[in-house]
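> I'll drop the sequence and a predicted model, then ask my questions.
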Amino acid sequence: MRNKAGSILWNLRQFSILVPTIRTLSMYHLGFCRSKIAHSNWTLRNLPLNDFDNRIQPSIRYLFQDALSGFQSESLNTVIVFRVNRLCPRRLSFDSKHCFVSIGTSDNGLKKVNFHHEVSCEDVLSKEMKSTPISYMKLSEESNSLSDVLDTFSKGPTFPSSKYFLAMWTVAKRMSDDKKCYEKRLMFNHPAFNQLCEQMMKEAKILHYNHLLLSLYAIVKLGIFQNTLVVQTLLRVIQERITECDERCLSILSTLLEAMDPCKNVHALRTGLWLLVDQQVWKIKHVTTLQIVMKYIGKDAPVALKRKLEMKALRELDRFSHLNSQHMFEALSTMNHRSVILLNKCSKKVIDNIHGCPLKVLMNILQSCKDLRYYNSKLFKGIADYVAETFDIWNLQKVLYLLLLFEKLGFRPVVLMNLFMKKIIEEPKLLTKKNIVAILHVYSSLNHINQCQNKEFLEVMASALTDCLHHISSESLLHAVCSFCVMNYFPSAPIDQLLRKDVLSELLTSDDREKNVHKLHILEACLKLDLTSYHKGIDIALPQLPLSASDNTKATEVLSRLLGNSKGLFSKDVQLPHNYHIDFEIRMDANRRRVLSFSDVDVPSATNIRRVAVLCVPRSSFCFNSRHPRGFLAMKMRHLNIMGFHVVWVRNWEVEEQMMKDAVRILKTKIYSVEVLPTIGVKLQNPS
């Protein structure tokens with residue numbers, strides 16, 4: 001009886017080996033093979049996130065399952081059918097035989113494919129997948145093209161396949177853009193390319209998680225379309241194994257998601273990353289990892305998560321190197337999180353260690369300051385002074401980029417701009433049609449005038465612009481001429497070219513018509529007010545600009561208290577010729593001792609009448625941290641003086657912030673003559 005039972009058991013064991021086990025896989029919209037039989041829980045390698053896994057993993061899993069809905073099966077039209085014997089936990093083995101089958105669009109987007117197990121679980125890796133000592137770095141050094149890497153793979157595929165993609169990406173980074181484009185076409189047409197992609201998908205479950213992430217990053221960077229089966233398969237496996245993410249993988253995953261195009265699957269993975277970072281942020285040990293995560297966590301990340309990352313960075317401030325401080329600006333800018341405390345601390349370290357800092361890093365810092373609306377005069381001055389001290393070692397074009405960033409921030413680096421002017425005067429051959437417009441824009445916008453060099457500088461710039469008139473676009477010519485006008489300089493040849501009817505018609509029918517009309521009005525005003533002897537004008541009728549108006553409730557109340565309750569002592573929102581607008585007009589005697597009522601003055605142009613224009617000016621009309629007016633304000637003041645006004649400007653934010661008594665005193669000192677400050681309407685102390 002015992003022998004019979006043993007014989008039966010032996011026969012059953014042999015039968016289980018000979019008869020293949022059939023498993024059914026469901027093909028979802030993304031084309032993923034997903035077993036209906038739940039795998040047993042395996043022990044994860046390199047799993048530092050045990051606590052997070054216990055609490056968060058179910059929600060992440062359901063999140064990824066929900067993300068599968070809404071995708072169209074038409075975008076992924078191939079599925080790989082392969083044979084295996086039985087599934088071993090986390091260690092899968094596949095043979096090299098495969099076939100591609102085309103599937104159509106089903107009613108419910110669901111396809112089922114059966115495959116059989118044929119290989120023993122003991123044979124984990126086939127001969128073609130055995131590890132070899134060669135690394136992707138060595139392979140990239142031995143290869144001169146992407147096809148060379150694929151040729152090496154086709155001769156003897158070895159495990160892991162990730163090294164071939166990493167090697168191709170490394171080789172591609174060494175190429176020029178044109179050669180890279182050509183090599184990518186050859187890569188897609190190479191007979192071994194599909195085989196490599198298939199092999200990569202087979203190994204996805206058994207690769208180390210960081211290798212899996214790097215592989216997908218290399219695949220994306222190589223230009224393989226995101227809706228292909230290989231990309232979506234790797235993306236899904238990364239989702240399923242996200243709890244294996246250690247600190248190094250966090251930085252790789254963050255960088256990977258930044259490189260991918262938005263889609264539901266990517267959004268689900270990004271949301272999973274947010275949950276993971278939220279749980280692990282206090283355990284991050286390396287400042288570099290923290291900054292990479294901050295840089296690529298995404299602008300849409302929850303505000304609470306951004307603040308938690310900010311607090312972590314503040315805790316690590318004592319460990320910040322000067323490089324960490326430099327990179328923190330870009331990290332905060334990319335995350336779209338303005339932390340003034342963190343920026344102030346990093347600014348101090350940047351200033352203290354600025355010597356030797358590359359110009360590209362300084363430009364990134366300034367660009368981040370602009371994006372974050374962060375203004376630090378000490379930081380700006382420190383950067384400008386350093387570049388001025390080392391001016392001779394920098395490329396002129398890079399210095400111009402720096403000046404353009406300073407202009408966007410409204411900061412006027414006087415010493416640096418003087419050095420740049422001197423360089424242009426000494427070497428006018430450095431000027432090209434591309435940088436002429438940019439240079440004129442910077443100097444006119446910041447209203448920078450150097451009395452010793454200004455005339456010579458403008459002559460050199462006008463000569464260079466005249467030489468390239470036949471090669472410059474109409475809009476670039478308009479911008480350049482408008483910049484000259486703001487600086488009160490009028491080169492005849494460029495203006496004559498601009499006033500041609502065909503050029504004007506082109507400007508008025510372009511996509512930037514509104515901006516062009518505004519600049520043409522500036523040109524017209526300058527020709528009539530500054531250059532009255534000019535024999536030409538704009539022949540085409542320009543569209544009217546919208547009338548300007550401003551809300552100056554506080555300033556109106558201040559003027560009423562200063563001038564008394566009598567009506568007609570000032571006029572509000574006055575529109576003048578040439579589209580100029582002034583906030584208040586006051587009429588005074590010639591010595592600016594007393595205010596005259598509008599009803600008592602019959603002839604505003606009389607010699608004994610002084611018209612005073614009061615301008616309430618915003619911060620943006622002045623250079624940062626100074627009282628130096630920018631270009632358009634300086635031009636407006638010049639033109640108002642020509643029209644017979646005495647111009648008084650008041651910084652409106654100062655009026656808004658001051659108490660009423662202090663605001664009245666400020667306005668009084670500006671309106672009345674310095675010699676005599678009579679008390680009108682209210683009793684005030686003389687500020688002197």
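Perfect, thanks for sending it.

> quick one, strands of this protein?
Ranges of strands in the chain, per DSSP state E, are 22-27, 33-35, 78-81, 99-102, 111-116, 571-576, 580-589, 595-596, 609-617, 645-651.

> and the longest one, how far out from the chain's middle?
So the one you mean is strand 580-589. Strand 580-589 has its C-alpha centroid displaced from the chain centroid by 43 Å (CA atoms, centre = their mean, to the nearest Å).

> pairing partners for it, with directions?
Applying DSSP bridges to the sheet, strand 580-589 is found paired with strand 571-576 (antiparallel), strand 595-596 (antiparallel), strand 609-617 (antiparallel).

> report the buried residues of that strand.
In terms of neighbour count (16 or more other CB atoms under 10 Å), strand 580-589 has its buried residues at 580, 582-588. Quick note: C-beta positions are derived from backbone N, CA and C, even for glycine.

> for those, give me JSON lines that also has pLDDT and distance to Ile292.
Output for the buried residues of strand 580-589, formatted as JSON lines (pLDDT from 0 to 100; distance: CB to CB, whole Å):
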{"residue": "Tyr580", "pLDDT": "92", "distance to Ile292": "52"}
{"residue": "Ile582", "pLDDT": "92", "distance to Ile292": "52"}
{"residue": "Asp583", "pLDDT": "91", "distance to Ile292": "50"}
{"residue": "Phe584", "pLDDT": "91", "distance to Ile292": "54"}
{"residue": "Glu585", "pLDDT": "91", "distance to Ile292": "58"}
{"residue": "Ile586", "pLDDT": "90", "distance to Ile292": "59"}
{"residue": "Arg587", "pLDDT": "90", "distance to Ile292": "64"}
{"residue": "Met588", "pLDDT": "87", "distance to Ile292": "63"}
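
> any chance of JSON lines for those, columns distance to Lys636?
JSON lines is the format used below for the buried residues of strand 580-589 (distance: CB to CB, whole Å):
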{"residue": "Tyr580", "distance to Lys636": "6"}
{"residue": "Ile582", "distance to Lys636": "9"}
{"residue": "Asp583", "distance to Lys636": "12"}
{"residue": "Phe584", "distance to Lys636": "15"}
{"residue": "Glu585", "distance to Lys636": "14"}
{"residue": "Ile586", "distance to Lys636": "17"}
{"residue": "Arg587", "distance to Lys636": "20"}
{"residue": "Met588", "distance to Lys636": "20"}
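
> which one of the residues you listed is nearest Thr243?
Among the buried residues of strand 580-589, Asp583 lies closest to Thr243 (CB to CB), at 62.5 Å.

> for the closest one, which residues are in contact?
Neighbouring residues of Asp583 by CB atoms under 8 Å, 6 or more residues apart in numbering: 550, 552, 555, 572-573, 614-616.

> most neighbours, which of those residues?
Val614 (24 neighbours; other CB atoms under 10 Å).

> give the contact list for that one.
Per CB under 8 Å, 6+ apart, neighbours of Val614: 555, 559, 570, 582-586, 648-650, 667, 670-671.

> likewise Ile582?
Here Ile582 is in contact with 574, 576, 613-615, 640, 645 (CB under 8 Å, 6+ apart).

> how about 10 Å then?
Contacts were defined as CB atoms under 10 Å, 6 or more residues apart in numbering; by that measure Ile582 touches 548, 571-576, 611-616, 636, 640, 645, 647-648.

> and Leu615, what are its bridge partners?
Per DSSP bridges, the residues bridged to Leu615 are Trp649.

> and it, how far from Val647?
Per CB to CB, to the nearest Å, Leu615 is found 7 Å from Val647.

> which neighbours do these two have in common?
With CB under 10 Å, 6+ apart, Leu615 and Val647 have common neighbours 582, 633, 636-637, 640.

> which of those residues count as buried?
582, 633, 636-637, 640.

> which one of the residues you listed sits closest to Ser325?
Closest to Ser325, out of all of these and judged by CB to CB, is Leu633, at 35.5 Å.

> per-residue pLDDT, that closest one?
pLDDT, Leu633: 94.

> I'd like the distance between it and Asn447.
8 Å.

> overlap in contacts, the two.
Phe622.

> can you list the domains in the chain?
354-468, 553-671 (automatic domain parsing).

> can you lay out these as JSON lines showing distance to Lys515?
As requested, those are arranged in JSON lines below (distance: least, CB to CB, whole Å):
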{"stretch": "domain 354-468", "distance to Lys515": "13"}
{"stretch": "domain 553-671", "distance to Lys515": "14"}
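
> ok, of the ones you listed, where does mean pLDDT dip lowest?
domain 553-671 - the lowest mean pLDDT of those, at a mean of 86.

> centre of the chain to that one, how far?
So, by CA atoms, centre = their mean, the centroid of domain 553-671 is 40 Å from its chain's centroid.

> from Asn364, how far off is Tyr401?
11 Å.

> ditto for His578
41 Å.

> before we move on, what about Gly272?
Distance from Gly272 to Asn364, counting by CB to CB: 30 Å.

> with neighbour numbers in mind, choose between the two.
Remark: of Gly272 and Asn364, Gly272 carries more neighbours, 25 against 17, as counted by other CB under 10 Å.

> shouldn't the more buried one be in contact with Leu235?
No. Using CB atoms under 10 Å, Gly272 makes no contact with Leu235, being 11.5 Å away.

> picking that back up, got a markdown table for the contacts of Asp583, with distance to Leu314 too?
Output for the contacts of Asp583, formatted as a markdown table (distance: CB to CB, whole Å):
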| residue | distance to Leu314 |
| --- | --- |
| Ser550 | 40 |
| Asn552 | 41 |
| Ala555 | 41 |
| Lys572 | 48 |
| Asp573 | 48 |
| Val614 | 45 |
| Leu615 | 42 |
| Cys616 | 39 |
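
> before we move on, the earlier item: nearest to Ala192, of the strands paired with strand 580-589?
strand 609-617 (68.1 Å).

> send the alpha carbons of the closest one over as PDB?
Provided in PDB are the C-alpha atoms of strand 609-617 (Å, rounded to 0.1, in the frame of the first residue of the first chain):
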ATOM      1  CA  ILE A 609       2.200 130.700 -14.900                       C
ATOM      2  CA  ARG A 610       4.100 127.500 -14.000                       C
ATOM      3  CA  ARG A 611       2.400 124.300 -14.900                       C
ATOM      4  CA  VAL A 612       3.400 121.500 -12.500                       C
ATOM      5  CA  ALA A 613       2.900 117.800 -13.500                       C
ATOM      6  CA  VAL A 614       2.700 115.500 -10.600                       C
ATOM      7  CA  LEU A 615       3.500 111.900 -11.500                       C
ATOM      8  CA  CYS A 616       2.800 109.000  -9.100                       C
ATOM      9  CA  VAL A 617       5.400 106.500 -10.200                       C
END
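
> tell me the angle that strand makes with strand 645-651.
30 degrees (axes from the mean of the first three to the mean of the last three CA atoms, to 10 degrees).

> show residues contacting stretch 339-352.
306-307, 309-311, 313-314, 317, 320-329, 331-333, 357, 361-362, 365, 368-369, 372, 374, 376, 378-383, 385-386.

> can you rerun that using 6 Å?
310, 313, 317, 322, 325-326, 328, 374, 376, 379, 382 (CB atoms under 6 Å, 6 or more residues apart in numbering).

> before we move on, what about stretch 138-155?
164, 167-168, 170-171, 183, 186-187, 190, 192, 196.

> so which of those residues wins on neighbours?
Most crowded among the contacts of stretch 138-155, counting by other CB under 10 Å, is Met168 at 30 neighbours.

> quick one: residues contacting it.
So Met168 contacts 146, 149 (CB under 6 Å, 6+ apart).

> please apply the same query to Gln575.
His581.

> in stretch 508-527, what's buried?
516, 519-527.

> ok, stretch 481-494 next?
Applying 16+ other CB under 10 Å to stretch 481-494 flags 481-487, 489-491, 494 as buried.
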